[in-house]
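Participant: structure for this input, please:
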Amino acid sequence: MTDLELATHAALEAGKLLRQHFGREAVVDEATHHDIKLALDKQSQDLITGLLLDARPDDALYGEEGLAGNQSAPRQWIVDPIDGTVNFYYGIPHFCVSIALRVDGEITVGVIHDPMVGETWTVEAGGPPLLNGVPIQASSRELLEESILFVGCGKDGDALNVGLERFRKASLRARKMRMMGSAALGMAYIASGRLDGYIESRISLWDIAAGKLLVEAAGGAVDLQPVAGKPDVWAIVATNGRIPIAEIL
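Facilitator: Next up is the predicted model:
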């Protein structure tokens, strides 16, 4: 089984687990003012970890729910077991599983699976981006005035201020703005031509690793800037590759 086939298999199996539990009462492990952690987050990551590391026992895994495997390995799986946990908890069917593989610092494989809609995006470095096996590409829209942008806002004071200001500026020009609660699906939608841009001032690597490779393979552009003092937390601007990043900021 290739790395891409393995990642796809793991994402689909985790997706079955999430779909089985969707709409049922969920066990909350941790609740803060702005976020929720479910027991199912860990259960999903444990399932993915078992499938990936059983097949690739020398690899590392870096996930939202913790680390596993050989952390000094050059091959590292990057996993978000439920991207959109709050949506899931509130019964909103917009969430996904995101799995990427990073080899020597470069993302080589990306899979994003939406178990509710039945859509699976797959890509490997140098290959075409696919949605359910069919090639996709980012939109051809060139004007911000014709675009739909996906925006996220961090919850700490500085991130929120930056995010709201970007939202204000972009909303005056873009056709529509959306906040949908899943960064990975937002990037998959850019790669599919459904959205044209995405902005967020604080986002974790597991949310965007697979999406970055997918967007770039589909002709889009992704700019990541590290957030000082927060390892693998980034400010991100992604576009369809035709609308300049500078126009969105």
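
Participant: report how many residues lie close to Leu149.
Facilitator: 27 (other C-beta atoms under 10 Å). (C-beta placed from N, C-alpha, C; glycine too.)

Participant: kindly provide the distance from it to Ala60.
Facilitator: Counting by C-beta to C-beta, to the nearest Å, the gap from Leu149 to Ala60 is 34 Å.

Participant: likewise Phe88?
Facilitator: Remark: distance between Phe88 and Ala60 (C-beta to C-beta) = 27 Å.

Participant: again, but for Gly66
Facilitator: Distance of Gly66 to Ala60, given as C-beta to C-beta: 12 Å.

Participant: show me which of the two is the more surrounded one.
Facilitator: Ala60 (19 against 12).

Participant: can you read off the pLDDT for that one?
Facilitator: Looking at Ala60, its pLDDT reads 98.

Participant: again with Ile248
Facilitator: pLDDT, Ile248: 77.

Participant: can you pull the contacts of Val215?
Facilitator: 138, 187, 190-191, 221-222, 238 (C-beta atoms under 8 Å, 6 or more residues apart in numbering).

Participant: ramachandran angles for it?
Facilitator: With angles defined as degrees, to the nearest 10, Val215 sits at phi -60, psi -50.

Participant: would you mind giving the domain segments of the chain?
Facilitator: Here the domain assignment for the chain is 3-135, 144-248, based on automatic domain parsing.

Participant: mind telling me which of those domains the model trusts least?
Facilitator: Among these, domain 144-248 scores lowest, at a mean of 88.

Participant: so Gln225 sits against Ile245, correct?
Facilitator: No. Look at Gln225 against Ile245 with C-beta atoms under 8 Å: they stay out of range, at 10.9 Å.

Participant: and those two? which has more neighbours close in?
Facilitator: Neighbours per residue, other C-beta under 10 Å: of Gln225 and Ile245, the larger number sits with Ile245, 15 against 10.

Participant: sheet partners, orientation included, of the strand or helix carrying Tyr198?
Facilitator: According to DSSP states H and E, Tyr198 maps onto strand 197-204. As defined by DSSP bridges, the strand partners of strand 197-204 come to strand 148-151 (parallel), strand 233-239 (antiparallel).

Participant: got these as CSV, with distance to Ala10 columns?
Facilitator: Below are the strands paired with strand 197-204 laid out as CSV (distance: least, C-beta to C-beta, whole Å):
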stretch, distance to Ala10
strand 148-151, 26
strand 233-239, 24
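
Participant: out of those strands, which is closest to Ala55?
Facilitator: Among the strands paired with strand 197-204, the nearest to Ala55 by C-beta to C-beta is strand 233-239 (28.7 Å).

Participant: just how off-centre is that closest one within its chain?
Facilitator: Remark: strand 233-239 is offset 11 Å from the chain centroid, using C-alpha atoms, centre = their mean, to the nearest Å.

Participant: the nearest residue to His9 once chain neighbours are set aside - how many residues pack around it?
Facilitator: Excluding the flanking residues, the one nearest His9 by C-beta to C-beta, 6 or more residues apart in numbering is Leu51, at 6.6 Å. Leu51 has 19 neighbours, counted by other C-beta under 10 Å.
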